[in-house]
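1. sequence-free structure coming up:
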């Protein structure tokens, strides 16, 4: 039986429920690749159980130079690495990544990060450029970097510090999922959703925050315009998901974060397990999600 009191105390990172942070590990993987150490990432991932789909795809890419993936981050970093560093990587988009362009030219690497972000409505190209440029030493950092680019800078620093000490980088766990699960469990316990303030949220918090009424679509459009180009147009998808839950209809979303957030909200508000046509989509980031939810519903029904 799950210990709800323990998990709602925000010590989730020591629990078996929080997956590896796919965003962090993918960045570390490319740093290993660019510095001639891809086997370190391959060996690390082979020693893990219950990997997310994105990390399975990362493992295959570093091992074989080819993968099929739904990860836009993996596609961007692969495209930019091939363009800037000459490492041949073949990445075929599948699922929600099909039709989401990742065109990039060598000239783009000369643009300041702020201009790259504006051009592509995403920080992923700037992330790919930063990781590739980091191989040759210092590079210009964007002082007002949005969440994922700022995280990239921290990952580069972590990788350098660990390698300079002759050590392997440390595993990173998914702090976004950790934060959201903690808030979900706290809401079950207290009846009030206590989450971080809107100004401290990042784009991946939108689905959760919207499902609990903490942020509106209008606010999100101002704060995170790139959400229109994620696994779904989340400005449109989240209202559809929550309406399906409200009327007891199975949601057809394929967006992993929309599914998780909808399921959490359905249990808090209705004590019902929401139904989704593509529940397997959560494996993109949290393959153990429905096992976690089964334990939670058993403990709190």
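-> Looks like it arrived, so ask away. What you see is a predicted model; the values in this text were computed from it and never measured. Numbers count the residues shown, from 1 in each chain.
2. Residue 244 reaches residue 259, doesn't it?
-> No. Here residue 244 does not reach residue 259: they are 11.1 Å apart, not a contact under CB atoms under 8 Å. For the C-beta atoms, the positions are set from N, CA and C on the backbone; glycine is no exception.
3. What about residue 126, how many residues nearby?
-> 28 (other CB atoms under 10 Å).
4. Which element, helix or strand, includes it?
-> Using DSSP states H and E, residue 126 falls within helix 124-133.
5. where's that helix relative to the chain centroid, distance-wise?
-> 17 Å (CA atoms, centre = their mean, to the nearest Å).
6. ok so, going back, overlap of the contact sets of residue 244 and residue 259?
-> Shared contacts of residue 244 and residue 259, defined by CB atoms under 8 Å, 6 or more residues apart in numbering, comprise residue 251.
7. Can you point out the buried residues in the helix holding residue 126?
-> Buried residues in helix 124-133, counted by 16 or more other CB atoms under 10 Å: 124, 125, 126, 127, 128, 129, 130, 131, 132, 133.
8. could you point out which element follows that helix?
-> helix 147-164.
9. Identify the residues contacting that next one?
-> 23-24, 27-28, 31-32, 35, 113, 117, 123-124, 126-127, 130-131, 134, 141-142, 145, 168-170, 172, 202-203.
10. Can you name the residues that contact residue 144?
-> Contact analysis of residue 144 by CB under 8 Å, 6+ apart lists residue 114.
11. From residue 209, how far out is it?
-> According to CB to CB, to the nearest Å, residue 144 and residue 209 sit 22 Å apart.
12. Helices of the stretch 201-301 of the chain, residue ranges please.
-> Using DSSP state H, counting those that start in this stretch, the helices of the stretch 201-301 of the chain run over 206-211, 217-223, 234-247, 256-270, 289-300.
13. so which of the ones you listed comes closest to residue 109?
-> helix 217-223 (27.5 Å; CB to CB).
14. residues of the closest one that come out buried?
-> Of the residues in helix 217-223, 220, 223 count as buried by neighbour count, 16+ other CB under 10 Å.
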